[in-house]
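**Q** with the sequence up front, the predicted model follows.
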Amino acid sequence: MDRNSVDWRGYWAASPTPYINEDQLDLESLEALTQWYMGQGLHGLLVNGTSGEWFSQTQDERKQVAQTVLAQTQGEIPVVVGITALSPRESLLVAEHAMTHGASGVALTVPPYSKALDHEVVAFYEYIAQGVNAPVMIYNWPHGTSIDISSELASRLADIDGVVALKESTPNADQFFATAERVIDRVRVFGNFMSVRGLEFLQEHGGDGMIGGGSLFGRLDAQFWEDVWRGDWEQAKVHAEATESLFNSLWAPGGWRGLYGGYQSQLKAAMNMLAIPGGGAVRSPRLPITNPDDLAAIRSALVSAQLL
C-alpha cells in the first residue's frame with residue numbers, strides 16, 4: 001500500500017473528545033459533533049489524536065470513542081483512528097478494534113517517552129505496518145514525543161509498505177515543506193498548507209490536505225480545499241490569510257499550546273463560544289480556562305475572524 005491505495009484529501013478535523021467529567025465520556029455530544037462536521041462538508045476525521053485527549057482515556061474509552069464516530073459516519077467520509085500508545089503491542093490491539101468497526105486506517109506517533117533513534121523509528125513503523133491490516137498514517141508530533149522526524153527519516157518511512165500518509169506537525173516550517181516535497185510522490189501529506197506560504201507550495205508541488213484541531217471555520221475550512229482543487233487560487237488565498245491570522249491570535253508558534261491555556265482547553269473554550277457541539281469539559285492533566293481576561297481574549301480573536 002502507498003498513497004494511491006487511499007483517497008484521503010482535503011480538510012479533516014482532528015476531533016476533540018467531549019467529556020461529562022473525569023469519569024464519563026459524553027458520547028451524545030460526540031455524536032452531535034460528528035454530525036456537525038459532516039454537515040459542514042469536511043472531508044474526513046481523525047479521532048483519538050492529540051486534540052482528542054487520547055492520553056486521558058482508558059483503552060475501553062478509546063474504543064467507545066472510535067465506535068461512536070464510526071457508527072455516525074457509516075463510511076460517508078474517511079475516519080482514521082489514532083492508536084498511539086506507550087506499548088507497540090497496545091497500539092496493535094487498538095488498531096484491530098478500530099478496523100473491525102470500519103475505520104479507514106490508523107494513525108500514530110512513535111511511542112511517547114521512548115526517545116527512539118532513527119533506525120528504531122523505522123523498525124517501529126515496520127512492525128506496526130506488518131501487524132495491522134490497515135493503511136497507516138505516520139504522525140510526526142515532536143512536542144508530544146520529543147522526536148522530530150527529519151526529511152531524510154520521513155523519506156525512509158515513506159518506503160514502508162502499508163504507510164500511506166504523513167500527518168506532519170513539526171513546528172519547523174522549512175522542514176515541513178522540505179519533507180512534503182521529498183515524500184509526496186509516495187505518501188499523502190497532511191500539514192500546514194492553509195497559509196500563504198502553504199498555498200504557494202500547493203500551486204508548485206501539490207499537497208493532500210490538513211488535519212486541524214477541530215474546525216472553527218467549519219464549511220470554510222472544507223471550501224479552501226475545494227477552491228484549490230478547482231484552481232481558484234485567489235479565493236483560496238482569502239481563507240489562507242484568515243486561517244493564518246486566527247492561528248496567530250490563539251496559538252503559540254508551532255501550535256503546541258494555546259496562548260490562553262492548554263491546546264484542548266482553548267479549543268473547547270472556542271467551540272463553546274461558537275456553539276459547536278462537544279466543547280465541554282477537559283480531563284486531567286488539562287484544566288478548563290476560567291480566567292475572564294483569557295476568555296475575553298479568545299472571544300476577541302473569534303470576533304476579529306468574523307466567527308462571532
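**A** The structure has been received and is ready for your questions.

**Q** tell me which residues touch residue 143, please.
**A** The contact partners of residue 143, taken as Cβ atoms under 8 Å, 6 or more residues apart in numbering, are 169, 171, 254, 256. Glycine gets a C-beta too; all of them are placed from N, C-alpha and C.

**Q** check which helix or strand the nearest residue to residue 235 once chain neighbours are set aside maps to.
**A** Nearest non-adjacent residue to residue 235, counting by Cβ to Cβ, 6 or more residues apart in numbering: residue 227, 4.6 Å away. Using DSSP states H and E, residue 227 sits within helix 219-230.

**Q** the protein: helices as residue ranges?
**A** 27-39, 59-73, 88-100, 118-131, 142-145, 151-158, 173-183, 196-205, 219-230, 233-250, 263-273, 292-304 (DSSP state H).

**Q** run the angle between the second one and helix 88-100 for me.
**A** Put plainly, it is helix 59-73. If you take axes from the mean of the first three to the mean of the last three Cα atoms, to 10 degrees, helix 59-73 sits at 30 degrees to helix 88-100.

**Q** the last one too?
**A** Using the same axes, to 10 degrees, one finds that helix 292-304 and helix 88-100 are set 40 degrees apart in direction.

**Q** return the set of buried residues in helix 292-304.
**A** Neighbour-count burial for helix 292-304 flags 294-295, 297-299, 301-302 (criterion: 16 or more other Cβ atoms under 10 Å).

**Q** turn those into JSON lines, including distance to residue 113.
**A** JSON lines is the format used below for the buried residues of helix 292-304 (distance: Cβ to Cβ, whole Å):
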{"residue": "294", "distance to residue 113": "30"}
{"residue": "295", "distance to residue 113": "33"}
{"residue": "297", "distance to residue 113": "33"}
{"residue": "298", "distance to residue 113": "31"}
{"residue": "299", "distance to residue 113": "36"}
{"residue": "301", "distance to residue 113": "33"}
{"residue": "302", "distance to residue 113": "35"}
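
**Q** which one among these gets closest to residue 54?
**A** Distance ranking of these against residue 54, using Cβ to Cβ, places residue 298 first at 24.0 Å.

**Q** wait, the closest one touches residue 251, no?
**A** No. In this structure residue 298 lies outside contact range of residue 251 using Cβ atoms under 8 Å: 11.0 Å.

**Q** any residues in contact with both of these two?
**A** residue 266.

**Q** any idea how far apart the tips of stretch 174-194 sit?
**A** One end of stretch 174-194 to the other measures 15 Å (Cα to Cα, to the nearest Å).

**Q** for it, buried residues please.
**A** Buried, per 16+ other Cβ under 10 Å, within stretch 174-194: 175-184, 186-194.

**Q** and the closest residue to residue 76 other than its chain neighbours, how far is that from residue 181?
**A** Once flanking residues are discounted, residue 76 sits nearest to residue 38: 6.6 Å by Cβ to Cβ, 6+ apart. As for residue 38, its distance to residue 181 is 32 Å (criterion: Cβ to Cβ, to the nearest Å).

**Q** can you check residue 152 too?
**A** 13 Å.

**Q** does residue 43 touch residue 11 like I think?
**A** Yes. Between residue 43 and residue 11 there is a contact under Cβ under 8 Å: 5.6 Å.

**Q** next, show the common contact partners of those two.
**A** 209, 222, 225.

**Q** the second one: how many residues sit nearby?
**A** For residue 222, the number of neighbouring residues by other Cβ atoms under 10 Å comes to 20.

**Q** what sits against it?
**A** 10-11, 40-43 are the contacts of residue 222 under Cβ under 8 Å, 6+ apart.

**Q** out of the shared contacts of residue 43 and residue 11, who's nearest residue 290?
**A** When the shared contacts of residue 43 and residue 11 are compared against residue 290 (criterion: Cβ to Cβ), the nearest one is residue 222, at 32.4 Å.

**Q** pLDDT score for residue 255?
**A** Residue 255 carries a pLDDT score of 69 in this model.

**Q** could you do residue 130 as well?
**A** 97.
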